[in-house]
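In: One predicted model, sequence on top.
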Amino acid sequence: MRHLMSPLDFSVEELDQLLNLANDIEANPKKYAHACDGKKLATLFYEPSTRTRLSFEAAMMNLGGNVLGFSSADSSSASKGESVADTIRMVACYADICAMRHPKEGAPLVASLHSPIPVINAGDGGHQHPTQTLTDLLTIRTLKGRLNNLTIGLCGDLKFGRTVHSLINALVRYTGIRFILISPEELRVPSYIREDVLRKKNIEFEEVERLEDALPKLDLLYMTRVQKERFFNEEDYVRMKDFYILDRKKMELAPKDMLVLHPLPRVNEISVEVDDDPRAVYFKQAQFGVYARMALILTLLEVKVC
Ligand code: CP
C-alpha cells in the first residue's frame, strides 16, 4: 500500500505513467466510469478548499465510486480534541482511500503512519501540495508538449506557497530546467529549497523582484497568491498583497507561446482582463486536476482498467 505525501514519492517513470493514464482518462472517460464501483473516498479537510476537495470528489464520482468527509475542522470531532491518528483509524473503517488537507505541516504524514488505507496529502500548511503538482505537470506536459528544457518563472509568495515548493521539487528531476524566482525580499523561497534542492542539484536559477524583467525570458509563468492565512499580522499581508498584478500591458512583454498557470484561488495578482488571452491556461489547469486525481486514485488503489 502506498501513500502520497510529496511528488518525490513517485519516480519520474511512475509520474510519466500516471500522466499518461490521466491523458487516457481525458480522451476516454467512459472506459473508466465504473473502475471504482463500490469504493469510497474520504475527504478530510481541516482547512478551506474549493478546487482540491471538489475535484477529488468529482474524480471519485467519475470513476463510479462514492465520497464522504468533512470540509472544516469545526464540523468534525477535531473540534473536540480528536487526534489525526485516531481520526484516520476511524475513517479507515468507512472508506478505501483518503485525501487530507491540514494547516499543520506533516499532519497527513502522521495520518499515513497510522493508516491501513492510502492517505493523500491534499496540502499541509506551507509545506507541500503534491496533487496540485500532478495537476501542474499534466497541464505543462499536455499544453507545452514537454517537461524538459523549460524556463519557468515562479511569481508571488514563494515563501508560504506550498504549490511552489512541491513544483520545484518535482521539476528539478527533469533536464534543462531553469527557474526565475520572482518575489519581494520578504517572500523569497525558503532557504531549504534554495540550498538543499536548487543549489545541491546544480539547477540554474535567479532571484529577481521585477516581473517585467523576467517576462520576456519565460516559457511558463506560474503566478501565486500571497497566502494571507500564513501571515502573522494583517499589516504585513496588506503591504504585500498587491505587489504583483499581471495585466494585459505586462503580457505584451511575454513571448507569444508563454503559458500562464496559477493554482488558484486568484485574488488580485492576475487581472481578469488576462483571462481571455490564449496564453492564460489556469482554468484549463483546474480541469486537468480532475484527470490527475482520477489517475492518482486508480494508481493508489491499484485498479487496472483494460
Ligand atoms: N489550488 C488549490 O489548492 O485550490 P483550493 O485551495 O481551492 O483547493
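Out: Received the coordinates, thanks.
In: Checking residue 215 next. Helix, strand or coil?
Out: helix (DSSP: H, G, I helix; E, B strand; the rest coil).
In: can you pull the contacts of it?
Out: 153, 221, 250, 251, 253, 254, 258 (CB atoms under 8 Å, 6 or more residues apart in numbering). For the C-beta atoms, the positions are set from N, CA and C on the backbone; glycine is no exception.
In: Skipping its backbone neighbours, what lies nearest the residue of the stretch 101-250 of the chain found nearest the ligand in space?
Out: Across the stretch 101-250 of the chain, the shortest distance to the ligand (CB to the nearest ligand atom) belongs to residue 132, at 5.2 Å. In space, and not counting its chain neighbours, residue 132 is closest to residue 163: 4.6 Å by CB to CB, 6 or more residues apart in numbering.
In: Can you pull the residues of the stretch 151-300 of the chain lying near the ligand?
Out: With CB under 6 Å from any ligand atom as the criterion, the stretch 151-300 of the chain meets the ligand at residues 263, 264, 265.
In: Show me which of those are buried.
Out: For these, a burial check counting by 16 or more other CB atoms under 10 Å picks out 263, 264.
In: And for the nearest residue to residue 270 once chain neighbours are set aside, the neighbour number?
Out: Nearest non-adjacent residue to residue 270, counting by CB to CB, 6+ apart: residue 246, 4.8 Å away. By the criterion of other CB atoms under 10 Å, residue 246 has 25 neighbours.
In: Residue 246 contacts residue 211, doesn't it?
Out: Yes. Between residue 246 and residue 211 there is a contact at 7.0 Å, judged by CB atoms under 8 Å.
In: Residue nearest the middle of this structure, spatially speaking?
Out: For the chain, the residue nearest the mean C-alpha position is residue 132 (1.6 Å; CA atoms, centre = their mean).
In: re earlier: which residues are common contacts for residue 246 and residue 211?
Out: What both residue 246 and residue 211 touch, as defined by CB under 8 Å, 6+ apart, is the set residue 155.
In: sec struct for the closest residue to the ligand within the stretch 151-300 of the chain, please.
Out: Per CB to the nearest ligand atom, residue 263 is where the stretch 151-300 of the chain lies closest to the ligand, at 3.8 Å. Classification of residue 263 by three-state DSSP places it in coil.
In: and what of the one 3 residues further on?
Out: Secondary structure of residue 266, reduced to three states by three-state DSSP: coil.
In: surely it meets residue 225?
Out: Yes. At 6.4 Å, residue 266 counts as touching residue 225 under the criterion of CB under 8 Å.
In: Just want to know which of the two has more residues nearby.
Out: Shown here are residue 266 and residue 225; by other CB under 10 Å, residue 225 has more neighbours (21 against 17).
In: So residue 110: helix, strand or coil?
Out: Once three-state DSSP is applied, residue 110 turns out helix.
In: Residue 242 now?
Out: Per three-state DSSP, residue 242 ends up coil.
In: Nearest residue to it in space, please, no chain neighbours.
Out: With CB to CB, 6+ apart as the criterion, residue 242 has its nearest non-adjacent residue at 5.4 Å, and that residue is residue 268.
In: so what's the one you found up against?
Out: 241, 242, 245.
In: Tell me the buried residues within these.
Out: Buried among the contacts of residue 268 by 16+ other CB under 10 Å: residue 241.
In: can you put the contacts of residue 268 in a markdown table and add pLDDT?
Out: Putting the contacts of residue 268 into a markdown table (pLDDT from 0 to 100) gives the following:
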| residue | pLDDT |
| --- | --- |
| 241 | 85 |
| 242 | 84 |
| 245 | 96 |
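In: No more questions from me, cheers.
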